[in-house]
Structure formats: C-alpha cells, structure tokens
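S.K.: Sequence plus predicted model, see below.
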Amino acid sequence: MPDSATVLIVDDEAHVRTYVRMLLKELGIESCWEAANGTEVLPLVAEHNPRLVLLDLNMPGTDGLKVLAQLAEAHPDLPVAIMTTQNSIESVNEAVRLGACAFILKHKPRPQVLAELRELIDSLGDGEDE
C-alpha cells in the first residue's frame, strides 16, 4: 500500500482516531479520513475511495457490525479490519462472517498494534494494478 493510499478510521473516540492516525503515519500512510460514527462511513467511502477501513465495533447508533455488513454489501472488495477493545468470540466470529480481513485489539501494547497494522497493510499490497 503506497503512502498516497487512503485509510478511513472509524471510531467514536477522537483520541483513538488520533492514535491510529499517528500509528499509520509511522507506517508511511499520510492520507487518512476519519468518521466518528457509523452513519458517516458510506458517504466517506463513496467520496474518498479508501484502500482500507479500520472499524471500531462499539459505537453509539450504528455499531461496527452493522457498518461492516453495509460495507460488505455496497463495497465487497474493500478491505475492512476491525480495530476494537471488544474481543468476545461472538464478535470475532460475526466480524469474520461479515468479511472482516483482520481483527486488531487496540488496547494491546503500542509495538504490538503497530506490528499488526504493518502486517495488515503489507498484506494488501500496493494496489497499482487495480
């Protein structure tokens, strides 16, 4: 994924969005958009065509699983990674069933979250032939 690629960060907590943006910058990703709730996601995806969505599960209003289902229907080729503190087996299974490409626990130590993000981004490739 080149540094010009766009990542959409979806989390209802501003400090978490800032933290994730900082981690992505360390990985060479400068272009990030942010959504503070689930209702903002589809319009931002349509407008900015991100290469990756990092999605929280526990948000007021439209929760992450509903957003994941909407994204899977509207943009089936868009990689969506769950980035949350919620790690129940039911949540993991449902996210995988709905098409999540990764499940990252954001409360892990920073080096571990950074390594998991790096692995995820590396797995997506550069997308130049898309």
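M.R.: Good, I have the coordinates.

S.K.: Pull out the buried residues from the longest helix along the chain.
M.R.: Using DSSP state H to define each element, the chain has its longest helix at helix 110-124. Neighbour counts over helix 110-124 (16 or more other C-beta atoms under 10 Å) mark 113-114, 116-117, 120-121 as buried. Yep, even glycine has a C-beta here, placed from its N, CA and C like the rest.

S.K.: So which residues of this structure form strands?
M.R.: For the chain, applying DSSP state E gives strands covering 6-10, 31-35, 52-55, 80-84, 102-105.

S.K.: Same list, those, but as TSV with mean pLDDT please.
M.R.: Shown next, in TSV, are these (pLDDT from 0 to 100):
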stretch	mean pLDDT
strand 6-10	96
strand 31-35	95
strand 52-55	98
strand 80-84	95
strand 102-105	94
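
S.K.: Out of those, which is closest to residue 94?
M.R.: Residue 94 lies closest, by C-beta to C-beta, to one member of the strands of the chain: strand 80-84, at 9.8 Å.

S.K.: chain center to stretch 85-102: distance?
M.R.: Counting by C-alpha atoms, centre = their mean, to the nearest Å, stretch 85-102 is centred 13 Å from the centre of its parent chain.

S.K.: Among the strands of the chain, show me which one is buried the most.
M.R.: strand 52-55 (a mean of 27; mean count of other C-beta atoms under 10 Å).

S.K.: count of residues packed around residue 66?
M.R.: Residue 66 has 15 neighbours, counted by other C-beta atoms under 10 Å.

S.K.: That one is in contact with residue 41, isn't it?
M.R.: No. The pair residue 66 / residue 41 is not scored as a contact, 9.9 Å apart, by C-beta atoms under 8 Å.

S.K.: who's in contact with the nearest residue to residue 108 once chain neighbours are set aside?
M.R.: Nearest residue to residue 108, sequence neighbours excluded (C-beta to C-beta, 6 or more residues apart in numbering): residue 116, at 7.7 Å. By C-beta atoms under 8 Å, 6 or more residues apart in numbering, residue 116 lies in contact with 102, 104, 108.

S.K.: For the first one, which non-adjacent residue is spatially closest?
M.R.: This means residue 102. Using C-beta to C-beta, 6+ apart, the closest residue to residue 102 is residue 81 (3.9 Å).
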